[in-house]
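> fold the following.
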Amino acid sequence: MSKSRSTGVTVLAILLIALGTFRLSPLFFRVFHPVWGARTVPLLAYVTLYGLVTIIAGIGILKLKSWARIATMILVAESTIRGAVGSIADVHRIFARAQSPGLGAAGVLAIGAIILLGLLGVGIIYFLTRPGVRGQFSR
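A predicted model of the protein is given here:
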């Protein structure tokens, strides 16, 4: 019996594959990590591994594999937490450097990023745990 894949699952899989491919591209490193230093090799290894796992999870989602659904939820949770922690650190740096009290535009953007990342991550995990979506995946 062949299982059908919903549009939402297909879109999620394509986004995962695209994100993983982008993380493996040299453009990602030039834009997001323009300064090369002592942390370059561990960072490069982490981003490369993360990109490969994201692509593999996306392919698994396309094939409706249950391990890919679980792996995607783990990737999304890790990414959401890492993004929130990074944004909180950015807000802290903004406050530490600020000459006047108040958030300013950069602080508001960082807090907005925390909220947006959190909502997006929770939304994806919620989507993948819905009975209709969960039922599409096989072992």
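
> packing partners for the longest helix seen in the chain?
Scanning the chain for the helix with the most residues, using DSSP state H, yields helix 66-97. Applying 3 or more C-beta pairs under 8 Å, 6 or more residues apart in numbering; DSSP states H and E, one finds that helix 66-97 makes contact with helix 7-24, helix 40-62, helix 104-129. Quick note: C-beta positions are derived from backbone N, CA and C, even for glycine.

> compute the inter-axis angle for it and helix 7-24.
Here helix 66-97 runs at an angle of 60 degrees relative to helix 7-24 (axes from the mean of the first three to the mean of the last three C-alpha atoms, to 10 degrees).

> pLDDT weak spots in this protein?
1-2, 27-40, 90-108, 110, 139 (pLDDT under 70).

> residue 80: which of the helices and strands packed on helix 66-97 is closest?
With C-beta to C-beta as the measure, helix 104-129 is the member of the helices and strands packed on helix 66-97 nearest residue 80 (3.1 Å).

> what's the distance between the helix or strand following that closest one and the middle of its chain?
Using DSSP states H and E, the next helix or strand after helix 104-129 towards the C-terminus is helix 131-134. In this view, helix 131-134 has its centroid 21 Å away from the chain centroid, taken as C-alpha atoms, centre = their mean, to the nearest Å.

> contact partners for residue 20?
Contact analysis of residue 20 by C-beta atoms under 8 Å, 6 or more residues apart in numbering lists 50, 51, 52, 53, 54, 55, 56, 57, 58.

> without its sequence neighbours, what residue ends up closest to the second one?
I take that to be residue 51. Spatial nearest neighbour of residue 51, chain neighbours left out: residue 23 (3.4 Å); criterion: C-beta to C-beta, 6 or more residues apart in numbering.

> what distance do you get for that neighbour to residue 53?
If you measure residue 23 against residue 53 using C-beta to C-beta, to the nearest Å, the figure is 10 Å.

> the more surrounded of those two?
Remark: of residue 23 and residue 53, residue 23 carries more neighbours, 20 against 17, as counted by other C-beta atoms under 10 Å.
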